[in-house]
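Participant: The sequence and its predicted three-dimensional model are supplied below.
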Amino acid sequence: MQDETPKPIDGRDWTGPDHRSEGLDGLIAPPLSRRGFVMTSLMTGLTLATTRVEAQAIHTDTTGIEAGEVRIPAGDGPMPGYRAMPEGKGPFPIVLVIEEIFGVHDYIKDICRRLAKAGYCAVAPELYARQGDLSRMTDVQEIVRDVIAKTPDAQWMADLDATIVWAASASKGDPERIGVMGWCRGGRAVWLYAAHRRDLKAAVAWYGPVGGERTGIQPRTAGDVAAEIHAPLLALYGGADTGIPVASVEAARDKANAAGKSVTLTVFPDAPHGFHADYRPSYRKDAAAAGWSKALDFLKANGVG
């Protein structure tokens, strides 16, 4: 069996201060007092927290790729996740895939396979595995209240850092070419992680909230950190998203660009929130396909490819 213990890459500590921003007050914390993992494996199928599953849900096969559930060492035990990558020797550029609020279910797994088909080592860690079992939850408000709101930002940032170490040391990933992509709440995480991780090459945020409530464990919004991002960021948003005003995203973009950072915003005028989620009624095929093409081009244009 392949040793999956994280190791330094080329003698360097890829989770150390050379690669993280120490200036995000409240986001870089001392070693966390962590609870055990509630989810020890990923859910099978799609989230139960949806009223129906649409017939257009995409399924990407595994021809030419290696794909499946993995265990990622995360300091307090093995964190469940899903990894897909091309067959062959590698190393392959790494793309962290950050889930919506519903867990690493079949939609997120399929995104990893799509990225693997494009040449990436795509890894989706289950970032809420300590806070609740998303495979059993059916109520969106319960998920937000009891899981999402109780997950410290510092915790999942550390877990993403650990995922990079694992991908580079045990999964044919190239630590010199790291990107991140996230949807919905994962889109918020993309903005924050881009301000945390100095060695990111590119970040893609799909309709992630840029505002919202600040709490002791989630002290800053995506808009708060917009001027601090370390990587070019592509923001993909829907003009018909009733929960995220386009003006708020434009303000975050302008704040970043005024600080000398690079944020490219694409708004699909008629697209609602969740327009990429092919298993839900919110799916808009044309906007999803155009956004996906832009995302892949953006990764490659910024050295993740």
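Facilitator: Perfect, thanks for sending it. Residues are numbered from 1 along each chain as shown.
Participant: how about the helices in the stretch 151-300 of the chain?
Facilitator: Ranges of helices within the stretch 151-300 of the chain are 153-170, 185-196, 246-258, 285-301, based on DSSP state H, counting those that start in this stretch.
Participant: Actually, the stretch 1-150 of the chain.
Facilitator: So, for the stretch 1-150 of the chain - with DSSP H, counting those that start in this stretch - the helices run 106-117, 140-146.
Participant: Just put those helices in JSON lines and tack on mean neighbour count, mean pLDDT and distance to A288.
Facilitator: Just so you know, the C-beta spots here come from the backbone N, C-alpha and C atoms, and that holds for glycine as well. Shown next, in JSON lines, are those (neighbours: other Cβ atoms under 10 Å; pLDDT from 0 to 100; distance: least, Cβ to Cβ, whole Å):
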{"stretch": "helix 106-117", "mean neighbour count": "23", "mean pLDDT": "97", "distance to A288": "11"}
{"stretch": "helix 140-146", "mean neighbour count": "13", "mean pLDDT": "91", "distance to A288": "21"}
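Participant: can I get these in CSV with distance to A162?
Facilitator: CSV is the format used below for the helices of the stretch 1-150 of the chain (distance: least, Cβ to Cβ, whole Å):
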stretch, distance to A162
helix 106-117, 17
helix 140-146, 24
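Participant: so which of those gets nearest K201?
Facilitator: Closest to K201 of these is helix 106-117 (Cβ to Cβ; 14.5 Å).
Participant: contacting residues around the closest one?
Facilitator: 42, 44-47, 57-62, 64-67, 82-86, 95, 97, 99-100, 122-124, 181, 277-279, 292 (Cβ atoms under 8 Å, 6 or more residues apart in numbering).
Participant: and the angle from it to helix 285-301?
Facilitator: Using axes from the mean of the first three to the mean of the last three Cα atoms, to 10 degrees, the direction of helix 106-117 lies 40 degrees away from that of helix 285-301.
Participant: quick one: contacts for the residue nearest to I178 when sequence neighbours are not counted?
Facilitator: In this structure, I178 finds its nearest non-sequential neighbour in I94, 4.9 Å apart by Cβ to Cβ, 6 or more residues apart in numbering. Residues in contact with I94, defined by Cβ under 8 Å, 6+ apart, are 120-123, 164, 167-168, 173-175, 177-179, 304.
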